[in-house]
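Enquirer: A predicted structure for the sequence below; I have some questions about it.
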Amino acid sequence: MTTQVATLIAAGVAAVASIGSLLINSSLIKNRERRQQLWRYDLENVRGVEALAGRITECLGGYKNLNGKMAEVNPLVAEFQKAMGTLLRHNDLNKAMREFLHSAAIVVKLTRDSQDVREEMKNLHANFRKLITACDQVLNRPSLK
């Protein structure tokens with residue numbers, strides 16, 4: 001074997017290793033970017049859930065008449081339910097969202113039946129705080145207590 005053949009073989013092996021390294025690196029970069037996009041999507045959804053829950057709580061605690069409350073709350077609840085579907089993989093957050101939605105539904109029913117909602121509004125506010133805490137856990141930020 002001459003030195004030229006050995007050099008060609010070494011250059012071929014180096015080229016194959018270089019191409020393999022490029023393929024692996026590009027695959028790793030694509031996976032990292034995909035994870036970052038999913039994380040950004042989750043951040044937007046979690047922040048949206050926080051905002052919707054706050055708006056629902058504010059609407060139900062306001063002094064509007066029943067028709068005004070329902071006209072404002074129904075689209076918010078529908079949007080909240082859609083957002084719940086995008087965050088199913090976060091178990092604690094999903095549980096907090098269900099409890100909040102259940103409390104909101106009870107307040108709506110009691111309001112519709114012209115009953116006292118003060119006690120259930122306390123539960124709604126407590127479930128709202130649980131929801132915010134669960135959102136904080138997903139976002140890895142310190143919770144306000």
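Expert: Here it is on my side, so go on. Numbering: from 1, shown residues only.
Enquirer: output the contacting helices and strands for the top helix by length along the chain.
Expert: Assignment by DSSP state H gives helix 3-61 as the longest helix of the chain. If contacts are counted by 3 or more C-beta pairs under 8 Å, 6 or more residues apart in numbering; DSSP states H and E, helix 3-61 sits against helix 66-86, helix 91-112, helix 118-139. No exception for glycine: its C-beta is placed from N, CA and C like everyone else's.
Enquirer: got the angle for that helix vs helix 91-112?
Expert: Counting by axes from the mean of the first three to the mean of the last three C-alpha atoms, to 10 degrees, helix 3-61 lies at 20 degrees to helix 91-112.
Enquirer: and the angle for helix 3-61 with helix 118-139?
Expert: Comparing the axes of helix 3-61 and helix 118-139 via the same axes, to 10 degrees yields an angle of 170 degrees.
Enquirer: export the helices and strands packed on helix 3-61 as CSV, with columns for distance to Val5, mean neighbour count and mean pLDDT.
Expert: As requested, those are arranged in CSV below (distance: least, C-beta to C-beta, whole Å; neighbours: other C-beta atoms under 10 Å; pLDDT from 0 to 100):
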stretch, distance to Val5, mean neighbour count, mean pLDDT
helix 66-86, 60, 15, 85
helix 91-112, 62, 18, 91
helix 118-139, 60, 17, 91
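Enquirer: no further queries at this time; thank you.
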